[in-house]
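**Q** Sequence and predicted model, in that order:
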Amino acid sequence: MTTGTFALAACAEMLWRDRPIEWRASRLKDLGFGVGLWNWPDHDLSKLEATGATFTIMNGYLRGRLTDDEGAAELLETARETAEVGKRLGVQRLNLHGTGLGEGGLPVQPIEVVTGAMWMKARDTLCRVVDLADAADVTFTLENLNLPVDHPGVPFGRAEDTLALVSAVNHPRLRLNLDLYHAQIGEGNLIELCRRSLPWIGEIQVADVPGRCEPGTGEVNWHGIAKALKVMGYSGPVGMEAFASGDADTALEAFRNAFTI
């Protein structure tokens, strides 16, 4: 859905959780929203294709890490496979993290201290991701995650870190998935963060804090952020990666209202 300023989407995995994923994708399409997904092996791709939905973002790898040779090789191998699936579904952005996430969003291999060598390796890995993206004609994003609540032990989890890496690579095939829910928990100062990140943003994701539900259920002034984004000149996608506090249709309406300027 385009509200006149932003193209709006929502994560199908987090809404109508008692319904099949293809039903959720169809419902989002009918309501005018793009569709975000998590891991593609969990789903029947043919049924998703048949919905005709616009798939805005999906996890861009299945396993691996940015920080070491073994992890980078695994990340690139699964990213190459995922890129083909993404092209099949027409997914606009393929999402990466500093390391693979397991049950409950916890890192498969926690890293408590990120060394200088890991930073250099992460930049090198992302440069190889860009080469893969060029060859496959896809775009990847790197997402920030919060460490205090949901994802302790994820390297390069802070938005400050993802911005440093993406701006260092500085290539249109690698953008930021700037998740403001995670940033509010870990860093705050969201409008200034958006301003500093603006040249490299591929997508902005939102959920309120605390609770990770739709805009209006927590402490963040989302309409104020939407107005600031418009003033900055941002007109790209905004995705709600949030649970519904009650009825999913009502949650989506609250999201749409918050980002209608």
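**A** Yep, that arrived.

**Q** what residue lies at the spatial centre of the protein?
**A** With distances taken as C-alpha atoms, centre = their mean, residue 177 lies nearest the centre of the chain, 4.7 Å away.

**Q** Would you check that that one makes contact with residue 142?
**A** Yes: between residue 177 and residue 142 there is a contact at 6.6 Å, judged by C-beta atoms under 8 Å. For the C-beta atoms, the positions are set from N, CA and C on the backbone; glycine is no exception.

**Q** Identify the contacts common to the two.
**A** Contact criterion C-beta atoms under 8 Å, 6 or more residues apart in numbering; residues shared by residue 177 and residue 142: residue 95.

**Q** How are the helices of the stretch 1-150 of the chain distributed by residue range?
**A** For the stretch 1-150 of the chain, applying DSSP state H, counting those that start in this stretch gives helices covering 21-31, 45-51, 69-89, 116-136.

**Q** Including mean neighbour count, mean pLDDT and distance to residue 252, could these go into TSV?
**A** Shown next, in TSV, are those (neighbours: other C-beta atoms under 10 Å; pLDDT from 0 to 100; distance: least, C-beta to C-beta, whole Å):
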stretch	mean neighbour count	mean pLDDT	distance to residue 252
helix 21-31	20	98	6
helix 45-51	15	98	17
helix 69-89	18	98	21
helix 116-136	17	98	31
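
**Q** Out of those, which is closest to residue 189?
**A** helix 116-136 (23.1 Å; C-beta to C-beta).

**Q** For that closest one, name the packing helices and strands.
**A** helix 69-89, strand 140-143, helix 159-169, strand 174-179 (3 or more C-beta pairs under 8 Å, 6 or more residues apart in numbering; DSSP states H and E).

**Q** I'd like to check the angle between it and helix 159-169, please.
**A** 60 degrees (axes from the mean of the first three to the mean of the last three C-alpha atoms, to 10 degrees).

**Q** For helix 116-136, which outside residues touch it?
**A** Residues contacting helix 116-136 (C-beta under 8 Å, 6+ apart): 66-69, 72, 75-76, 79-80, 83-84, 87, 96, 98, 111, 139-140, 142, 155-156, 165-166, 168-169, 171, 173-174.

**Q** do that again at 7 Å, thanks
**A** 66-68, 72, 75-76, 79-80, 83, 87, 139-140, 155-156, 165, 168-169, 171, 173-174 (C-beta atoms under 7 Å, 6 or more residues apart in numbering).

**Q** secondary structure class for residue 181?
**A** Put simply, residue 181 is helix when judged by DSSP: H, G, I helix; E, B strand; the rest coil.

**Q** residue contacts, it?
**A** Per C-beta under 7 Å, 6+ apart, neighbours of residue 181: 205-207, 209, 212.

**Q** Any stretches of the protein with poor pLDDT?
**A** 1-4 (pLDDT under 70).

**Q** hang on, the earlier thing: would you turn the helices and strands packed on helix 116-136 into JSON lines with distance to residue 117?
**A** Below are these laid out as JSON lines (distance: least, C-beta to C-beta, whole Å):
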{"stretch": "helix 69-89", "distance to residue 117": "11"}
{"stretch": "strand 140-143", "distance to residue 117": "19"}
{"stretch": "helix 159-169", "distance to residue 117": "14"}
{"stretch": "strand 174-179", "distance to residue 117": "21"}
